[in-house]
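In: give me a 3D structure for the following:
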Amino acid sequence: MVREVYNYYFSRDKDLAKKLRNILGFTPKNLSLFKLAFYHKSMNDQKTQNNQHNERLEYLGDSILSTIVAEYLFKKYPVQAEGFLTKMRSKIVMRKTLNDLASEMGLDIILSNYSQGKLSKSMMGNAFEAMIGAIYLEKGFEDTRDYVINDILLKHLNIHALEVQDDNFKSQLLEWGQKNNVGVDYKLLAKYKQDKRDRFKVAVLIDGDEVARADDFNKKSAEQTASQLALKRLKISNGSMPEL
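Out: Below you'll find the model as predicted:
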């Protein structure tokens, strides 16, 4: 309790502590851990400790979030088959959903304090996963699970709308390939720097032939965009472009 009070009232990062309390419902003890969750690797190296960034926390948060969502769906849909549960989990943890959740929760306000250049939605999704990793390290699995379910899934996500929504274009394309015995592959064409950040150019190959390509600051987002372009060009789908 003493550490939380200090962080909230006296720490040099007390503004961050107050913003986090509004989002999390508690004041973190290890404030530096949560601060790190909002450092993208494109940040000024002089601002970070030992040139650290949030990728390790993002990796941890991604795994924790996937496990929590899988358990939640398993209990919520006791008679649904594995395929349905897998698709629902994919819809929840996909990059666009996490970007939207982060924006709705106000993580962009915190992230803008530690970013240089234009703030992309993929950076918000990354920070969201890193924040989940930080919560897990501070609070443990059970408290993290309660927070994700009660304060994120139930408060910010329309789970019933997701049941009929299908904007996972990569999944659609892969399913089409399986049904039609057609090979669908993804090839990383280039990885380059833009605004001090990694940017990925990805191509979709159908039986070895390129049919579409796209680039984005997040590899998964680039694959999604390239997949949708491929679906349109193959006249498999006419969905609208995803918001990245």
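In: quick one, strands of the protein?
Out: Assigned by DSSP state E, the strands in the chain fall at 184-194, 197-206, 209-216.
In: okay, now the domains of this protein?
Out: What automatic domain parsing lists as the domains of the chain is 2-164, 169-233.
In: and the longest one, end to end?
Out: Its first and final residues considered, domain 2-164 spans 48 Å by Cα to Cα, to the nearest Å.
In: next one: that domain to chain centre, how far?
Out: 8 Å (Cα atoms, centre = their mean, to the nearest Å).
In: out of the strands of the chain, which comes closest to residue 107?
Out: Of all the strands of the chain, strand 197-206 sits nearest to residue 107, with 17.6 Å by Cβ to Cβ. Bear in mind the C-beta positions are built from the backbone N, C-alpha and C, glycine included.
In: tilt between that closest one and strand 209-216?
Out: Put simply, strand 197-206 runs at 160 degrees to strand 209-216, going by axes from the mean of the first three to the mean of the last three Cα atoms, to 10 degrees.
In: tell me the most buried of the strands of the chain?
Out: strand 197-206 (a mean of 19; mean count of other Cβ atoms under 10 Å).
In: direction included, what does it pair against?
Out: In the sheet, strand 197-206 lines up against strand 184-194 (antiparallel), strand 209-216 (antiparallel) (DSSP bridges).
In: hey, C-alpha coordinates of the first one in CSV?
Out: What it means is strand 184-194. Extracted in CSV, the C-alpha atoms of strand 184-194 (Å, rounded to 0.1, in the frame of the first residue of the first chain):
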residue,chain,number,x,y,z
VAL,A,184,-1.7,-20.4,-49.9
ASP,A,185,1.6,-19.1,-48.6
TYR,A,186,2.9,-15.8,-47.3
LYS,A,187,6.3,-14.4,-48.2
LEU,A,188,8.1,-11.5,-46.5
LEU,A,189,9.4,-9.4,-49.3
ALA,A,190,11.1,-6.7,-47.3
LYS,A,191,11.7,-5.3,-43.9
TYR,A,192,12.7,-1.7,-43.8
LYS,A,193,12.7,1.4,-41.5
GLN,A,194,10.2,4.2,-41.7
